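Colleague: what's the 3D shape of this:
(2 chains)
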Amino acid sequence: MLDINFIRKNSQKVKESCEKKNVNADIDKILELDKKKRELMTEIETLKAEQNKISRGGKENNVLVTQAKEIKDKIKSMAPELESVEKEFNELLSELPNIVADDVVAGGKKNNKVLRQFGKKPKFNFTPKDHVELATNLNLIDYERGAKISGSGFWVYKGNGAILEWALLNYFIDFHRRNKYTFLLAPYMLTEKSAYTSGNLPKFRDDLFWTQDKLCLNATSEMMLGNYHRDEVLKESDLPLKYFSYSACFRREAGSYRKEERGMIRGHQFNKIEMFQFTRPEKSWEAFEELVKNAEKLTDGLDLHFQSVQLAAEDMTEAMAKTIDIEVWIPSMGIYKEVSSASNALEYQARRGNIKFRNEKEGKNYFVHTLNASGLATSRLIPAILEQFQQKDGGIKVPKVLQKYCGFNVIK
RNA sequence: GGAGGAGUACUCAAAUUGGUUACGAGAACAGUUUGCUAAACUGUGUGGCUUUACUGCCACUUGUGGGUUCGAGCCCCACCUCCUCCGCCA
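Modeller: A predicted model of the protein is given here:
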């Protein structure tokens, strides 16, 4: 959510940002409703002040009590108008996307900009197989039984496949622990309110799984991490707060194409470790660089070929001012696929979740900035590892950093 | 799932039959003043109006949302969370 005061003073900038994202937003309407809201509030508050004045005098004076009754009725008759103005105002305001950073370009995916590439595309002196074939041949992933148990879009990690998956997670966890991020294991089910705060509602209701108790399944740990300090005033000296969390993530992926995305590229359930930071406003861009660097280091540590891409305005979610994706090379598809997404939400999420810190010097509370980055998601890393490190004999060379977790160097 | 109890600010904690400004203690931080490891005093949430600013005025704030009333921490209803007991427990 944006600050209405900011919109009042910078309506032109807000409009330009919306244009970049190709979002149709009626800023003038919002400003008009804001004005109307404040006028009604002032009117009602003046009446309330009068009412309070009379009430404080006690019940001695019958004339005054009659007057107070009239005021009460008047307030009651005005309330619905204020309510409806507020409702419309809040709806429009909460639909406004974040102001995109100055260096974010307009347009969609096509305008995404590759910032840097790491490693080299592997070259094979034999015909490489795709990850589905490799994983099936080596008995690492059981797609058929996954589908039998839970339907399409689910799979089972088996034997060395499960060990490889878990090795990745352990590698990530050790990395974040070394960096002094605090490890959180949080619930996988969240209330509607939490889903609102994290921005998944109302827009993405259909992309979430819902239980009969009106809880939704976690779609990314960003949801639980962003809600962790909801409605709190944090100590300035505690900032930045750095967390990481492991969770299985559940997504309906309703209507998404599965034909071209064989295997584990897009499933209903996948494992992900997420970094999250709550920072002072002036430190958030610094933190952003740190998160991007961490995600790159993790991927680079696996010796994979990948690239970092700065997203264009339309490709970012509405909460974010800037997003950089880490995309790993999938040889069989001939494209790069996202394994991490690092974003700075500035105070957009904090405003929604009412997360502040106390500036001791001024004695005032300000919104924190929130940032998140995957560190990392495994479901595209396994295909990348299998395909990029496959050998002529159909075996897989295990990345060096994972060998101590796996207990083997090669999968045959 | 059932029965009972509780929820007041950072923490602890009071409030007579509904009545003006929610008693008080402690903590932390800031400001002022005095200086022997510190003390004393003042201040501390949200929003609106006003002001260049300082300030001032007003409204809201006792888990959340409603209701009754001129007036609600207190009465009524619904919900949330925690505690105790019972039931269920692949």
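Colleague: so A:Ala342, which of the three states?
Modeller: The three-state assignment at A:Ala342 reads strand, by DSSP: H, G, I helix; E, B strand; the rest coil.
Colleague: which residues does it contact?
Modeller: Taking CB atoms under 8 Å, 6 or more residues apart in numbering, we find A:Ala342 in contact with A:Phe288, A:Leu291, A:Val292, A:Ala295, A:Thr323, A:Ile324, A:Asp325, A:Ile326, A:Leu371, A:Asn372, A:Ala373, A:Ser374. (C-beta placed from N, C-alpha, C; glycine too.)
Colleague: ok, the closest residue to RNA strand B within the stretch 101-250 of chain A - contacts?
Modeller: In the stretch 101-250 of chain A, the residue found nearest to RNA strand B is A:Val233; the distance is 6.4 Å by CB to the nearest atom of the strand. The neighbours of A:Val233, taking CB under 8 Å, 6+ apart as the test, are A:Lys356, A:Phe357, A:Arg358, A:Asn365.
Colleague: and those, which are buried?
Modeller: Buried subset of these (neighbour count, 16 or more other CB atoms under 10 Å): A:Lys356, A:Phe357.
Colleague: tell me, which of the contacts of A:Val233 make contact with RNA strand B?
Modeller: A:Lys356, A:Asn365 (CB under 7 Å from any atom of the strand).
Colleague: Mark which of the contacts of A:Val233 are part of strands, please.
Modeller: The strands, defined by DSSP state E, take in A:Lys356, A:Phe357, A:Arg358, A:Asn365 from the contacts of A:Val233.
Colleague: Format those as TSV; extra columns: distance to A:Lys37.
Modeller: Converted to TSV, these look like this (distance: CB to CB, whole Å):
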residue	distance to A:Lys37
A:Lys356	23
A:Phe357	28
A:Arg358	28
A:Asn365	23
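Colleague: Could I get those in TSV, plus columns for pLDDT?
Modeller: Listed next are the ones in strands among the contacts of A:Val233 as TSV, based on pLDDT from 0 to 100:
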residue	pLDDT
A:Lys356	85
A:Phe357	84
A:Arg358	78
A:Asn365	80
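Colleague: now, which of these sits nearest RNA strand B?
Modeller: So of the ones in strands among the contacts of A:Val233, ranked by how close each gets to RNA strand B (CB to the nearest atom of the strand), first place is A:Asn365, at 3.8 Å.
Colleague: surely the closest one meets A:Ile355?
Modeller: No: using CB atoms under 8 Å, A:Asn365 makes no contact with A:Ile355, being 10.1 Å away.
Colleague: any idea whether the nearest residue in space to A:Ser341 that is not next to it in sequence is helix, strand or coil?
Modeller: Counting by CB to CB, 6 or more residues apart in numbering, A:Asp325 is the residue found nearest to A:Ser341 once chain neighbours are left out, at 5.1 Å. Here A:Asp325 is recorded as strand under three-state DSSP.
Colleague: Tell me the pLDDT of A:Asp325.
Modeller: According to the prediction, A:Asp325 has pLDDT 96.
Colleague: For beta bridges, what are the partners of it?
Modeller: A:Val309, A:Ser341 (DSSP bridges).
Colleague: Any figure for the gap between it and A:Asp103?
Modeller: In this view, A:Asp325 and A:Asp103 are 15 Å apart by CB to CB, to the nearest Å.
Colleague: What ranges in the stretch 201-350 of chain A fall below the confidence cut-off?
Modeller: A:255-265 (pLDDT under 70).
Colleague: Would you mind listing what in it touches RNA strand B?
Modeller: A:Val233.
Colleague: which stretches of the stretch 201-350 of chain A form helices?
Modeller: Here the stretch 201-350 of chain A has its helices, by DSSP state H, counting those that start in this stretch, at A:221-228, A:284-301, A:348-353.
Colleague: which other helices and strands contact the last one?
Modeller: Right, the one you point to is helix A:348-353. Applying 3 or more CB pairs under 8 Å, 6 or more residues apart in numbering; DSSP states H and E, we find helix A:348-353 packed against helix A:192-197, helix A:221-228, strand A:369-377.
Colleague: Identify, from the contacts of A:Ala342, the entry nearest to RNA strand B.
Modeller: The nearest member of the contacts of A:Ala342 to RNA strand B, counting by CB to the nearest atom of the strand, is A:Leu371 at 22.6 Å.
Colleague: for chain A, which helix is longest?
Modeller: The longest helix of chain A (DSSP state H) is helix A:62-95.
Colleague: for the closest residue to the residue of the stretch 101-250 of chain A closest to RNA strand B other than its chain neighbours, what are its contacts?
Modeller: Spatial nearest neighbour of A:Val233, chain neighbours left out: A:Lys356 (4.9 Å); criterion: CB to CB, 6+ apart. Residues in contact with A:Lys356 (CB under 8 Å, 6+ apart) are A:Glu232, A:Val233, A:Leu234, A:Ala350, A:Asn365, A:Tyr366, A:Phe367, A:Val368.
Colleague: ok, now how distant is A:Lys356 from A:Asp34?
Modeller: A:Lys356 sits 22 Å away from A:Asp34, going by CB to CB.
Colleague: Same question for A:Asn409.
Modeller: Going from A:Asn409 to A:Asp34 by CB to CB gives 64 Å.
Colleague: Who has more neighbours out of these two?
Modeller: Set A:Asn409 next to A:Asp34 and count neighbours by other CB atoms under 10 Å: A:Asp34 wins out with 18 against 12.
Colleague: from memory the more buried one sits against A:Arg8, does it?
Modeller: Yes: contact criterion CB under 8 Å: A:Asp34 and A:Arg8 qualify, at 7.1 Å.
Colleague: just to revisit the earlier point, angle of the very next helix or strand once past the longest helix of chain A against helix A:284-301?
Modeller: Counting by DSSP states H and E, the next helix or strand C-terminal to helix A:62-95 is strand A:113-118. Put simply, strand A:113-118 runs at 40 degrees to helix A:284-301, going by axes from the mean of the first three to the mean of the last three CA atoms, to 10 degrees.
Colleague: helices or strands up against strand A:113-118?
Modeller: helix A:284-301, strand A:306-310.
Colleague: and the following helix or strand past that strand, how far from the chain's centre?
Modeller: On the C-terminal side of strand A:113-118, the closest following helix or strand by DSSP H and E is helix A:131-137. Relative to its chain's centre, helix A:131-137 lies at 31 Å (CA atoms, centre = their mean, to the nearest Å).
Colleague: mind listing what's buried in helix A:131-137?
Modeller: Residues A:His131, A:Val132, A:Glu133, A:Leu134, A:Ala135 are the ones in helix A:131-137 that count as buried (16+ other CB under 10 Å).
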